[in-house]
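Novice: Pasting the sequence and the predicted coordinates here, then a few questions.
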Amino acid sequence: MKEKGLLIVLSGPSGVGKGTVRKAIFSRPDARYEYSISATTRAPRAGEKDGIDYFFKSREEFEQLISQDKLLEYAEYVGNYYGTPLDYVKQTLESGKDVFLEIEVQGARQVREKIPEGLFIFLMPPSLGELESRIKGRGTETVELILNRMEAARKEIELMNLYDYIVENDNVDNAVDRINAIVLAEHCRSERIASKYIKMLEAE
Ligand code: 5GP
């Protein structure tokens, strides 16, 4: 039987740079994972394409996916739904490939419950000050909104113990190197691969 792929979940507080790190992982020529494209009800941003960046859905379409149990997880984030299509994840893992999810923390928690053997990586800002300047750097937010986001980020960081690894995003390239190293090591973890060698012994 073919060995199943590893489910890799990258999450972390709002503003930490999950999207930037994920894009950097997949822009390397040696990227070894299959990216799971999410469904969302938010409008496409300039340059975003349906089926590449997201599957863009209406609220009705998204709610249908929920009611038909077609999502591995979903969450409402800043007024829009985001969710991971279940079939793609299942089929790709079955085919032996690693699947990479980049999702916010409520969704990561649901995946942890459903697929506890996944690899959960928490992306951490180097400091709260740094996070605040990244949130402010996005532009249009009011002071009140920034305070709300910072309060939400603190709560999100408190959930870091639910993860297997914490990677500081001090610099994108460093974060990518650490994530790739973690995945490589995880593939060699004895509880993940011992059964393969037990079979080898039995086949002798
Ligand atoms: P954005 O709108 O900036 O692309 O994404 C907003 C947030 O949604 C980011 O934190 C991103 O990680 C998260 N996100 C993207 N796809 C999914 C998903 O399928 N499920 C969940 N729970 N969060 C997602």
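Specialist: Nice, thanks for sending it over.
Novice: and the nearest residue to residue 11 once chain neighbours are set aside, what does it touch?
Specialist: Leaving aside its sequence neighbours, residue 11 sits nearest to residue 108 (Cβ to Cβ, 6 or more residues apart in numbering; 3.8 Å). All C-beta spots, glycine's among them, are computed from the backbone N, C-alpha and C. Taking Cβ atoms under 8 Å, 6 or more residues apart in numbering, we find residue 108 in contact with 9, 11, 73, 101, 120, 162, 163.
Novice: Show me the beta-bridge partners of the fourth one.
Specialist: Okay, so that is residue 101. Note on residue 101: beta-bridge partners by DSSP bridges are residue 9.
Novice: Count the neighbours of residue 145 for me.
Specialist: 11 (other Cβ atoms under 10 Å).
Novice: quick revisit: when you check the ligand, which of the contacts of residue 108 turn up near it?
Specialist: Among the contacts of residue 108, the ones lying near the ligand by Cβ under 6 Å from any ligand atom are residue 73.
Novice: Can you pull the residues of this structure lying near the ligand?
Specialist: Applying Cβ under 6 Å from any ligand atom, one finds that the chain approaches the ligand through 14, 18-19, 38, 42, 73, 75, 77, 82-84, 102-104, 106-107.
Novice: Of all the residues in stretch 105-122, which ones are buried?
Specialist: 105-112, 115, 118-122 (16 or more other Cβ atoms under 10 Å).
Novice: ranking the residues of the chain next to the ligand by neighbours, who comes first?
Specialist: Counting neighbours by other Cβ under 10 Å, the top entry in the residues of the chain next to the ligand is residue 103, with 26 neighbours.
Novice: these two touch, right, that residue and residue 7?
Specialist: No. Using Cβ atoms under 8 Å, residue 103 makes no contact with residue 7, being 11.5 Å away.
Novice: Mutual contacts of those two, please.
Specialist: residue 111.
Novice: This protein: helices as residue ranges?
Specialist: For the chain, the helices defined by DSSP state H cover 18-27, 59-67, 86-94, 105-114, 128-137, 143-157, 172-187, 190-203.
Novice: how about residue 138, what does it touch?
Specialist: Applying Cβ under 8 Å, 6+ apart, the residues near residue 138 are residue 15.
Novice: what pLDDT does it get?
Specialist: Listed pLDDT for residue 138 reads 71.
Novice: isn't residue 65 right next to residue 39, touching?
Specialist: Yes. Taking contacts as Cβ under 8 Å, residue 65 lies within contact range of residue 39: 6.3 Å.
Novice: between those two, what contacts are shared?
Specialist: 57, 71, 74, 83, 85.
Novice: Just the residues you listed: which are in strands?
Specialist: Counting by DSSP state E, those place 71, 74, 83, 85 in strands.
Novice: The second one pairs with what?
Specialist: This means residue 74. Note on residue 74: beta-bridge partners by DSSP bridges are residue 83.
Novice: ok, it - how many residues close by?
Specialist: 23.
Novice: one step back: how about a markdown table for the ones in strands among the shared contacts of residue 65 and residue 39, with pLDDT added?
Specialist: Formatted as a markdown table, these follow (pLDDT from 0 to 100):
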| residue | pLDDT |
| --- | --- |
| 71 | 98 |
| 74 | 98 |
| 83 | 98 |
| 85 | 98 |
